[in-house]
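[1] Task: produce atomic coordinates for the following.
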Amino acid sequence: MIVADVRSRLTREDVALALSLVAEHGSEARERGEDALRERGLDALLDDPALLPALIESPRGRLASLPLFSYVLVRHALLQMGERDRVLADYAASVLLHFGLRDRARRVANTDDETFDTLADLLEAAERSEPRRSFLVRAHLGNYALWMSGMFPDRIAHREHRRGGPALSYFEAMGRRGFQLASEHRLAGEHGLALLFAAASERFPVLRIALNRISDALLFPTHHSPERLMRQVQDEARWMRAG
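    Okay, here's the model as predicted:
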């Protein structure tokens, strides 16, 4: 199952690259990065405000591993929204890494033969499965809703307005429900995941909006539509109220 393990997968090469990318902003930035790494550890270096722009803009950023790029991307998007929980950033980055591979988003596990295309099917499976599979399906319901609503909000809006598909609010509600159900399962407590899933449920809107910003800026930067503009305005207003 997907866990918050992206930071633990970072290598010495990732650390060296992150430090060198920060250093491209000048000697002061390099000293700041070295001090942060020495005094406060890797997390402080990964939070350096110079790192994300360098990863995206510098030619050397293309050398970054997928774990490094994914974590920094998600972490900085969440920091911009005031969300400082590193475990949530780690978990969301892990979802992106796993679901970006082939049809993993449609499967509860890598080797699972059953595929799911709708959130309703996942919820039904969670209710009728044996305990262990029910736990995995509940978590997958949250993950899949986050993946779809976070990375493909324009697709959801298109289907809603052209085909009468479910709105973004439906994906958000189902995602929160999936994570909440997962947090309440006894296996979540046994594996130390109850607090993570509870937090993912509570802060699902923040996770979704952060991923929307990544998607809008990097995956579909040339797409413009009234639906996107309306979503961005509504999300900005919602975030400001919450803050």
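[2] so which helix or strand takes in the residue positioned nearest the centre of the chain?
    In the chain, the C-alpha nearest the mean C-alpha coordinate belongs to residue 92, at 2.8 Å (C-alpha atoms, centre = their mean). For residue 92, the element it lies in under DSSP states H and E is helix 86-99.
[3] List of residues touching that helix?
    Applying C-beta atoms under 8 Å, 6 or more residues apart in numbering, the set of residues contacting helix 86-99 from outside is 2-7, 43, 66-67, 70-71, 73-75, 78, 83, 104-105, 143-144, 146-147, 150-151, 196, 199-200, 203, 207, 210-211. Where you see a C-beta, it was placed from the backbone N, CA and C, and this is true even at glycine.
[4] Any buried residues in stretch 35-51, and which?
    36, 37, 45, 46, 47, 48, 50, 51 (16 or more other C-beta atoms under 10 Å).
[5] hmm, which of the contacts of helix 86-99 are the buried ones?
    Using 16+ other C-beta under 10 Å as the burial test, the contacts of helix 86-99 include 2, 4, 6-7, 67, 70-71, 73-75, 78, 83, 104-105, 143-144, 146-147, 150-151, 196, 199-200, 203, 207, 210-211 as buried.
[6] Could you spell out which stretches of this protein belong to which domain?
    1-83, 100-243 (automatic domain parsing).
[7] Throw these into a markdown table and include mean pLDDT, thanks.
    Below are the domains of the chain laid out as a markdown table (pLDDT from 0 to 100):
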| stretch | mean pLDDT |
| --- | --- |
| domain 1-83 | 91 |
| domain 100-243 | 93 |
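[8] any idea how far the host helix or strand of residue 172 is from the chain center?
    Following DSSP H and E, one finds residue 172 within helix 168-184. Distance of helix 168-184 from the chain centroid (C-alpha atoms, centre = their mean, to the nearest Å) equals 15 Å.
[9] Mind listing residues that contact that helix?
    With contact meaning C-beta under 8 Å, 6+ apart, helix 168-184 is reached by 119, 122-123, 126, 135, 138-146, 148-149, 153, 156-157, 160, 188, 193-198, 200-202, 204-205, 208, 231.
[10] Check stretch 218-236 too.
    So stretch 218-236 is contacted by 56, 73, 151, 153, 154, 157, 158, 161, 168, 209, 212, 216 (C-beta under 8 Å, 6+ apart).
[11] What are the buried residues along it?
    Quick answer for stretch 218-236 (16+ other C-beta under 10 Å): 227, 228, 231, 235.
[12] Determine which two of these are furthest apart.
    For the buried residues of stretch 218-236, the farthest-apart pair by C-beta to C-beta is 227 and 235; their separation is 12.3 Å.
[13] surely residue 14 meets residue 64?
    Yes: assessed by C-beta atoms under 8 Å, residue 14 is found in contact with residue 64 at 7.4 Å.
[14] Pull up the gap between the residue in the chain sticking out farthest from the centre and residue 40, please.
    Outermost residue of the chain with respect to the C-alpha centroid, by C-alpha atoms, centre = their mean, is residue 27; its distance is 32.3 Å. Noted for residue 27: a distance of 20 Å to residue 40, by C-beta to C-beta, to the nearest Å.
[15] do residue 13 as well
    Relative to residue 40, and taking C-beta to C-beta, residue 13 is found at 21 Å.
[16] and what of residue 151?
    31 Å.
[17] quick one: residue 81 is in a strand?
    No: using DSSP: H, G, I helix; E, B strand; the rest coil, the assignment for residue 81 is coil, not a strand.
[18] Return the residues in contact with it.
    Residue 81 touches 206, 209, 210, 239, counting by C-beta under 8 Å, 6+ apart.
[19] Using TSV, lay out these together with distance to residue 173 and secondary structure.
    As requested, those are arranged in TSV below (distance: C-beta to C-beta, whole Å; DSSP: H, G, I helix; E, B strand; the rest coil):
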residue	distance to residue 173	secondary structure
206	15	helix
209	15	helix
210	18	helix
239	18	helix
